[in-house]
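Student: Please work out how this folds:
(one chain, ligands or ions: 1)
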Amino acid sequence: MALRVDNLTKTYGDTTALSEVSFEVPDGKFAVVLGRSGAGKSTLLRILNGLTEPTSGSVYLDGEAVTNSRSDVGMVFQQHNLVEELSAYDNALTGTLNRTGFVRSLFNRQPVDDRELALEALDTVGLLDESGQKVSSMSGGQQQRVGIARALVQQPALLLADEPVASLDPSSAETVMEYLRETAETRNLTTLASLHQVNIAREYGEQFVGLKEGDVVFDGPREELTAAVLEDIYGYIETDELREGAESTDMNESIQKTDEGLETEP
Ligand SMILES: Nc1ncnc2c1ncn2[C@@H]1O[C@H](COP(=O)(O)OP(=O)(O)OP(=O)(O)O)[C@@H](O)[C@H]1O
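Tutor: Take a look at the predicted model:
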């Protein structure tokens, strides 16, 4: 389903976390939210997930205003929030608890076998053979894939991922991102992920929304995500590396350097 965010504003006392944020993500697209720490990424995802109420503004899925229930929005968390003593299968199955929501009833979807859904979801993330394994004995990357499976069992219309690979080593991060992309593609699932690592974001994102102090300062495709745009989004990186990168013809090199700069930011 297509996502439309219309003039979202969120204030906490004197702090404006989001200021009239508007953008659209077409049906089935993989979008990435970029921004330095405090730019408003988590606030945006929390509003989309219904965990936080906006001060003003609206969210639409396929043109329908989403007000109370966000049960059709699946969420993948940085710390995956799984029940470690349960199996991958049982954890995936807990995704059904959040199902049957507003959008689903609106589109009159048929009830399906939850067990089948859980196994299908585990298959999607390459963990069908490990479905009986306790989550506590799995690697960080596998655990995050169980987190994705749990979100899929919800049969979401929109998949959100808040820093899904921030706590993983580069190789596991790649694997998780591959599965996330494949999932979005094969299920035509509109996805919005906040990512800290710019090189990973560039590799997997199709659309990029740059937030800076609560404002949208960029909304465009990969080709337009230049070093100059990144410098605007991450205003604090006034480093020689980034300037060199912006002047370099090798964009990948520049992004790598930008990313290294980011990693030093607490
Ligand atoms: N519950 C809250 N109460 C008060 N201020 C908040 C609250 N949540 C967020 N803020 C403020 O809103 C702004 C945006 O925060 P937010 O967590 O959305 O940023 P972020 O881009 O997700 O940052 P990070 O990458 O560090 O998670 C910050 O100034 C933050 O201090």
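Student: near the ligand, which residues of the stretch 51-200 of the chain?
Tutor: By C-beta under 6 Å from any ligand atom, no part of the stretch 51-200 of the chain sits against the ligand. (Each C-beta comes from the backbone N, C-alpha and C, glycine too.)
Student: In the stretch 51-200 of the chain, what residue spans correspond to strands?
Tutor: All strands of the stretch 51-200 of the chain, identified by DSSP state E, counting those that start in this stretch, fall at 56-61, 64-65, 73-76, 158-162, 190-194.
Student: In JSON lines: the ones you listed, plus mean neighbour count.
Tutor: JSON lines is the format used below for the strands of the stretch 51-200 of the chain (neighbours: other C-beta atoms under 10 Å):
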{"stretch": "strand 56-61", "mean neighbour count": "17"}
{"stretch": "strand 64-65", "mean neighbour count": "12"}
{"stretch": "strand 73-76", "mean neighbour count": "25"}
{"stretch": "strand 158-162", "mean neighbour count": "24"}
{"stretch": "strand 190-194", "mean neighbour count": "25"}
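Student: Which pLDDT does the model give residue 186?
Tutor: Note on residue 186: pLDDT of 89.
Student: Touching, it and residue 124? I think so.
Tutor: Yes. Using C-beta atoms under 8 Å, residue 186 is in contact with residue 124, at 7.2 Å.
Student: out of those two, which sits in the busier spot?
Tutor: A direct count of neighbours by other C-beta atoms under 10 Å for residue 186 and residue 124 places residue 124 higher, at 18 against 9.
Student: The residue nearest to the more buried one when sequence neighbours are not counted: how many residues sit nearby?
Tutor: Sequence neighbours aside, residue 183 is the residue nearest to residue 124 in space, at 5.5 Å (criterion: C-beta to C-beta, 6 or more residues apart in numbering). When neighbours are defined as other C-beta under 10 Å, residue 183 has 21 of them.
Student: Kindly report the same for the one 4 residues further on.
Tutor: When counting by other C-beta under 10 Å, one arrives at 16 neighbours for residue 187.
Student: now do residue 80
Tutor: 19.
Student: Next, it: phi, psi?
Tutor: Phi and psi for residue 80, reported as degrees, to the nearest 10, are phi 40, psi -20.
Student: dump the residue contacts of it.
Tutor: 143-144, 146-147 (C-beta atoms under 8 Å, 6 or more residues apart in numbering).
Student: List the ones among these that fall in helices.
Tutor: Among the contacts of residue 80, the ones falling in helices (DSSP state H) are 143-144, 146-147.
Student: could you dump stretch 148-168 to CSV, C-alpha only?
Tutor: Output in CSV follows, covering the C-alpha atoms of stretch 148-168 (Å, rounded to 0.1, in the frame of the first residue of the first chain):
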residue,chain,number,x,y,z
ILE,A,148,11.3,-9.8,10.6
ALA,A,149,9.3,-13.0,10.5
ARG,A,150,7.3,-11.9,13.5
ALA,A,151,6.5,-8.6,11.7
LEU,A,152,5.5,-10.6,8.5
VAL,A,153,3.1,-12.8,10.4
GLN,A,154,1.1,-9.7,11.2
GLN,A,155,0.5,-9.5,7.4
PRO,A,156,1.4,-5.8,7.5
ALA,A,157,0.4,-3.3,4.8
LEU,A,158,3.5,-1.3,5.8
LEU,A,159,6.7,-2.6,7.3
LEU,A,160,8.8,-0.3,9.5
ALA,A,161,12.3,-1.0,10.6
ASP,A,162,14.0,1.2,13.2
GLU,A,163,17.8,0.8,12.9
PRO,A,164,17.4,-2.9,12.1
VAL,A,165,21.1,-3.7,11.7
ALA,A,166,22.7,-1.1,14.0
SER,A,167,23.8,-3.7,16.5
LEU,A,168,25.1,-6.3,14.0
